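Colleague: Provided below are the primary sequence and the corresponding predicted coordinates.
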Amino acid sequence: MEVAGAERVAASALIGVLALQGDFAAHRQVLETLGAAVREVRTPDDLDGLDGLVLPGGESTTMTLGIEREGLAEPLRAVHVAGTPILGTCAGLIMADREHLGLMDMVARRNAFGRQVHSFEADLELGLDGGPVRAAFIRAPWIAEHGPGVEILAAVDGHAIAAREGRVTVLSFHPEITGEHRLHARFLREVLDVQAARR
Amino acid sequence: MRDEATFRVKAGLAEMLKGGVIMDVVDAEQARIAEAAGACAVMALERVPSDIRRDGGVARMSDPEMIRGIQAAVTIPVMAKARIGHFAEARILEALEVDYIDESEVLTPADEANHIDKWPFKVPFVCGATNVGEALRRVGEGAAMIRSKGEAGTGDIVEAVRHLRTITGEIRRLSGLDEAELATAAKEHGAPLDLVRQTAREGRLPVVMFCAGGIATPADAALVMHLGAEGVFVGSGIFKSEDPETRAAAVVEATTHFQDWDRVLKASEGLGQAMTSIEARKLDPSQVLSDRGW
C-alpha cells in the first residue's frame, strides 16, 4: 500500500507549504498524517532547508501578489533549480506555469471550466494502487499548452489537468480536500528518493 | 462522469478563500482596486453597510447589471447578497453565476420565519451567525461557509469579537461533553444533533468560518484571526476610508502575517484615516443588524 510505505519513512522529510493564502492547512494535515514535518512558508527565510515544497490551492491573483510583496519569486525558483520536488494543486498549478514562476514548460488557463456553479467532482485514473482518484475541481484551471518535456498524466474532456516535468508535479484538482492521500504519498516518496540520492 | 456542485465543491471554494480578505465593492473600479490589493474575492453590492444605515429604507439584492459589470472586471470570485429567506433573489444570482451568495442580515429580511433552503442550489451560500446554534442551523439548511456577524457598517469590532468568542467558546465546551450531554446541548442550541456531534468531535464548525462586521484596520483583522477566524470580510472599512488602495493591501498583509507582530505593525503604518465609525452599543435597537436571522 503506497500510503503505508510513505508513513514508514516520511518522518525525516521537511515539507514547506506556501501559506500566503488558500488551503495550505489542508495540505499540512495530509502531509502530517503521512508522517512528514511541515513548515508554512510566508517569507524567503522559510524556504531554508526544505526537502519538498507544496504550492496549494487558493486564489492565484492573491497568491501572485503575495509572492511579489514578499520577494518570493526568485527564492521559489531557486528551490526548483536545486532539484527539490514540488507539488502544485489548482492555483499551485497556475503558479508553476511560464507566465508565473516558470517551474514547468506550460501555460495554464485560469477558471477554464467556468465559474463556481460549474465546479465538479469526477473519478480520475492516475495509475495508482487502489483505483481511481476522486478529484474535486473548483473553479479549476487546465493546461492550455505545454512543451515536449511535459508529461500529461490525466485529462478531462480532452484538457490536460495533471502533469509532470522533472521533479515538478501539478494537478488542477484538490486531493487535499477529498481525503485522497495517495498523490501526497507518491510526492513524499519522491522527496525521500531525492534525499537518499543527495546523501 | 461529472458530479456538479456537490457540497464538497461548494464548501471547497471556501477552503480556497482561507487566509484571505473578501472586500465589499459597489462598482467595477472598486473591484479592480480590491483585486489589485490582493483580495481573494469581492462582494458586489449597491451600497456598503454604512450607507445602508445612513439611507434607511428597504435594502435589496443589487442590480444584476451592476454585478455583471463587476464579474467582467475581475477574475477573482464574485459574491453577492440576497435577503434572508428571499429564494427568488438567490435564484436570480445563481442564474447570473455569482460564485457565492451571502444570505445576509445587512439586507432587509424577506421572511421573518425561514431562511432559504440552500440544498437545491448549485451556487454555494455563506450565512452569518452569532453563536454555534445559529451557525449549525445554517449549515443544516445547506450553507457551505459561515461568517460571524459582527455589526456591519459601524467600524466597531466589539460585536465581531463577541460573536467569534461565543462561537469558539461554545465549540470548546461541546468538545468536552459526552454523548448524552451532546443530545441535550443540541436541543439547547437548537441545532441538528449530527452537526453538533461532528463539531464536538472535530473541535471546529463543519465548514470554513470567516469573520465579518466592523473590521476597519489591519489590527482588527489580526485580532479576529487570532480569535479563530479563517479569513475576513471587510465591508465599509476599505472604501469608506481615506486611502482605500493602501488600506486594502494592508489588511491583506495583516491577515496573512497575523502571527508576526512586526509585520502587522508595518501594515498598520501610514494608512490615513479609517472609516467614520459608530460605537455599536450606542445604536438605536431598531438599527441593529446582527439580531436579524435566527
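Modeller: Sure, I can see it.

Colleague: rest of the way, CA atoms for contacts and neighbours
Modeller: Will do.

Colleague: in chain B, which spans are helices?
Modeller: Counting by DSSP state H, chain B has helices at residues B:7-17, B:28-37, B:49-55, B:64-73, B:87-95, B:132-140, B:158-175, B:179-189, B:193-202, B:218-226, B:236-239, B:244-256, B:261-268.

Colleague: number of nearby residues for residue B:155?
Modeller: 27 (other C-alpha atoms under 10 Å in any protein chain shown).

Colleague: Also the one 3 residues further on?
Modeller: Burial measure for residue B:158: 18 neighbouring residues, criterion other C-alpha under 10 Å.

Colleague: repeat for residue A:154
Modeller: Residue neighbour count, defined by other C-alpha under 10 Å, stands at 17 for residue A:154.

Colleague: Please identify the helix or strand for it.
Modeller: strand A:151-156 (DSSP states H and E).

Colleague: With residue A:94 instead?
Modeller: Assigned by DSSP H and E, residue A:94 falls in helix A:91-96.

Colleague: on contacts alone, who are the packing partners of that helix?
Modeller: strand A:52-55, helix A:60-70, strand A:106-109, strand A:168-171 (3 or more C-alpha pairs under 8 Å, 6 or more residues apart in numbering or on different chains; DSSP states H and E).

Colleague: so what's residue A:14 closest to, chain neighbours aside?
Modeller: With C-alpha to C-alpha, 6 or more residues apart in numbering or on different chains as the criterion, residue A:14 has its nearest non-adjacent residue at 4.8 Å, and that residue is residue A:37.

Colleague: surely the one you found meets residue A:30?
Modeller: No: between residue A:37 and residue A:30 there is no contact under C-alpha atoms under 8 Å: 10.8 Å.

Colleague: Which residues of chain B lie near chain A?
Modeller: Residues of chain B found near chain A (C-alpha under 8 Å from any C-alpha of the partner chain) are B:1-6, B:8-10, B:12-13, B:15-20, B:35-40, B:76, B:94, B:97-100, B:122-123, B:256-257.

Colleague: Please convert the buried members of those into PyMOL selection syntax.
Modeller: A single PyMOL command selects the buried members of these (16 or more other C-alpha atoms under 10 Å in any protein chain shown):
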select buried, chain B and resi 4+5+6+8+9+10+12+13+15+16+17+18+19+20+35+36+37+38+39+40+76+94+97+98+99+100+122+123+256+257
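
Colleague: ok, back up a step: the helices of chain B: which one's closest to residue B:111?
Modeller: helix B:87-95 (9.8 Å; C-alpha to C-alpha).

Colleague: which non-adjacent residue is nearest residue B:251?
Modeller: Going by C-alpha to C-alpha, 6+ apart, residue B:251 has residue B:218 as its nearest residue, at 4.4 Å.

Colleague: which ones are touching that neighbour?
Modeller: Applying C-alpha atoms under 8 Å, 6 or more residues apart in numbering or on different chains to residue B:218 gives the contacts B:247, B:250, B:251, B:252, B:253, B:254, B:255, B:264, B:267, B:268.

Colleague: Kindly recompute the last result at 6 Å.
Modeller: When contacts are counted by C-alpha atoms under 6 Å, 6 or more residues apart in numbering or on different chains, residue B:218 touches B:251, B:254, B:268.
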